[in-house]
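Student: structure of the sequence below:
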Amino acid sequence: MVTGLSDHNLTLVARKLTSKRFRPLVREDESFRIPKRNLDIFHHTIQLIDWDDLLLGIDIEEDSKAFSDKLENTMKDFSCKFRHKHIKHSVPWMNDDILKIMKERDSALKTAIKNKSSHDRQHFAMLRNRVVMKLRKAKADFFMTVIEKARGKTKMVWDQLHKLMGHPNKVRKLQELNINGKLSNNPVEIAKAFNHYFIDSVATIAKCFSPEIRPVCTVNTLEPTFIIRNVTHSDVTRIISFLKPSKTKDTFGMDAVMLKTLSKTLINPISNIINLSISQNMFPSVWKSAAVIPVFKEGDRLSTSNYRPISILPTISKVAEKLVAEQMICHLKNSPFAQISTGQRGCCWSCVS
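Tutor: From the prediction side, this is the model:
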């Protein structure tokens, strides 16, 4: 006969053995980033760069490349190789206060079993009930915070639920791929296979459309003409502040979070490069490069046809594109031939002749 156990203890043991627990969140990938201890030195180094001497303001291609190379090399000097540590099996609403009371509860349970006194059992019951109440409140507060931050966006809520349930992420490192009927685990061969497949897919789709002969339209000089104006420092600062705080790095190692942090330092060279691009009517070639990530759709993971490409554009290029897009939308709003259609996603502009 087992002594010193109550029905509550047996229920606890049964739940731990039968109920589905949250899966542990384990990360084994390696990454390069700037350690926190070097961030202040890195920011100070960026501030000391003489951008006026580096950017001559003559050729947009040379200035944009010099700007990107200088930032990339400076970030590489301060970046280190990190390996993600294994995260313990826990839930996001757990905090130090609850862990402390849980330790007191476990200690009180051992004391009650050892002494077999009613006072110790009451003390254990009180701590047990307190743990249950705090867990319920912390869990409720966590989900209420998630719902408030989502602001009606169901995708953000589902992302949190998928993290809790341990659903595998579709974007993960490919170990091997079927290339011409043979399995390969060479990263270079896998990258080339995806590159050829994505390019050939676009060429195949383009063949389905026959070239249309568009009639030449006369331009009415009395109507307002669209001209891209130069941008100011306040315009660039506002666009950078509106960027989503993403830590996804582009081909140069820059992300939106880092750009927001360095915005006061980089606002002058970024504005000059964008204005130089507008005056020379040329989009820099370095801003056209993108990191393409294959995202799995469904089916066989070894086949390239079951993946779709996601392009991570340079962060600086997004700022320039948004500034030009603002001017285009403003022009269309003031155009007498502009018509807005709110039935589709967002706002769709169409010119009616």
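Student: now do the strands in the protein.
Tutor: Using DSSP state E, the strands found in the chain span residues 30-33, 80-83, 177-179, 182-184, 291-296, 307-312, 338-341, 348-351.
Student: check those strands for me: which has the lowest mean pLDDT.
Tutor: Ranked by mean pLDDT, the strands of the chain end with strand 348-351 at the bottom, a mean of 44.
Student: for the closest residue to residue 236 other than its chain neighbours, give me its contacts.
Tutor: Distances taken as Cβ to Cβ, 6 or more residues apart in numbering place residue 271 nearest to residue 236, at 5.0 Å, with adjacent residues excluded. Every residue, glycine included, has its C-beta placed from N, CA and C. By Cβ atoms under 8 Å, 6 or more residues apart in numbering, the residues touching residue 271 are 231-233, 236.
Student: show me what contacts the closest residue to residue 315 other than its chain neighbours?
Tutor: The spatially closest residue to residue 315, leaving aside those adjacent along the chain, is residue 254, at 4.8 Å (Cβ to Cβ, 6+ apart). By Cβ under 8 Å, 6+ apart, the contact list for residue 254 reads 71-72, 75, 314-316.
Student: how far does stretch 130-137 sit from its chain's centre?
Tutor: 33 Å (Cα atoms, centre = their mean, to the nearest Å).
Student: mind listing residues that contact that stretch?
Tutor: By Cβ under 8 Å, 6+ apart, the list of residues contacting stretch 130-137 reads 93, 97-98, 101-102, 105.
Student: chain neighbours aside, what residue packs nearest to residue 226?
Tutor: Nearest non-adjacent residue to residue 226 (Cβ to Cβ, 6+ apart): residue 331, at 4.6 Å.
Student: sorry, back to before: the contacts of residue 271 in helices, which ones?
Tutor: When DSSP state H defines the helices, the subset of the contacts of residue 271 inside them is 233, 236.
Student: hmm, back to that, now render the contacts of residue 254 as TSV, adding neighbour count.
Tutor: Shown next, in TSV, are the contacts of residue 254 (neighbours: other Cβ atoms under 10 Å):
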residue	neighbour count
71	21
72	15
75	20
314	21
315	23
316	25
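Student: let's see which of these end up in helices.
Tutor: 71-72, 75, 315-316.
Student: so of those residues, which two are at opposite extremes in space?
Tutor: 75 and 316 (13.5 Å; Cβ to Cβ).
Student: about what we covered before: any idea how far the residue nearest to residue 226 lies from residue 196?
Tutor: 40 Å (Cβ to Cβ, to the nearest Å).
Student: so the two - more neighbours on which side?
Tutor: residue 331 (16 against 12; other Cβ atoms under 10 Å).
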